[in-house]
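Asker: based on what follows, work out the 3D shape:
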Amino acid sequence: MRHFQRIAASIDPGPFLDEIAAVDGAWNAATGRQEKVKVQREALAIPLRGLRKSAIGERQRRDVHESRWTTGSQRYPVACAFLRAIAHQRDALLSRAKIVCLPAGRRVYPHVDRGDYYLVRDRYHLVLRSTLGSWLRAEDEEVRMQEGELWWFDNKQVHEAHNDGDQDRIHMIFDLLPRARAVAVLGRAA
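Answerer: Numbers count the residues shown, from 1 in each chain. Below is the predicted model:
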């Protein structure tokens, strides 16, 4: 496969799901994704890391490289520790990250992640809950990611997702900037 690679399997989703369940109204705290991003309108999100608004200046949001932990991220220490560990393991800088829920029967519509930010980063999905396996398509390839699997996929291709299961599908989605690109992208070593 050209657009997908399974990185790991058998990651226990239980601690992540327990952490989400322990936060009242976790899915209702940030609604910007479904309100502002048309192709994401059916998905719910818990932002863990987001772009630095102060760095936008004259740039489009999709061209802002600087990111930060969100104020709500402190409620998810297991997820944050995982993100730090995987970035270290892959010799990369952690960029934007979120936990995403795609309710049963809902979809993420076909799109390409465009902009300077996405061009230089790698996108990952950690599957936390999926009854039938999470269907995802990138270009002409399709996969069914299983619970506990971590996948890289090429979000620079046309991609889409559909939850054809009968329960919410929950993924942690995050981007990594390979450390070797840091100077060229950020103007400094990290």
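
Asker: for the chain, which helix is longest?
Answerer: Among the elements of the chain assigned as helix by DSSP state H, the one spanning the most residues is helix 77-89.

Asker: can you give me the strands for this structure?
Answerer: 4-8, 44-51, 67-69, 92-102, 107-111, 122-129, 134-138, 141-145, 150-153, 159-162, 169-178 (DSSP state E).

Asker: related to what we said a few turns ago, which neighbouring elements make contact with the longest helix of the chain?
Answerer: The elements that helix 77-89 packs onto, with contact taken as 3 or more Cβ pairs under 8 Å, 6 or more residues apart in numbering; DSSP states H and E, are helix 14-21, strand 44-51, strand 92-102, strand 169-178. (Each C-beta comes from the backbone N, C-alpha and C, glycine too.)

Asker: which residue of the chain sits farthest from its center?
Answerer: Farthest-out residue of the chain from its mean C-alpha position, per Cα atoms, centre = their mean: Glu58, at 25.3 Å.

Asker: low-confidence ranges in this structure?
Answerer: Using pLDDT under 70 as the threshold, the predicted model of the chain has low-confidence ranges 31-37, 54-55, 189-190.

Asker: pipe the strands of the chain into a markdown table and attach mean neighbour count per row.
Answerer: Compiled in a markdown table, the strands of the chain are given as follows (neighbours: other Cβ atoms under 10 Å):
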| stretch | mean neighbour count |
| --- | --- |
| strand 4-8 | 15 |
| strand 44-51 | 21 |
| strand 67-69 | 16 |
| strand 92-102 | 22 |
| strand 107-111 | 15 |
| strand 122-129 | 22 |
| strand 134-138 | 21 |
| strand 141-145 | 17 |
| strand 150-153 | 20 |
| strand 159-162 | 20 |
| strand 169-178 | 22 |
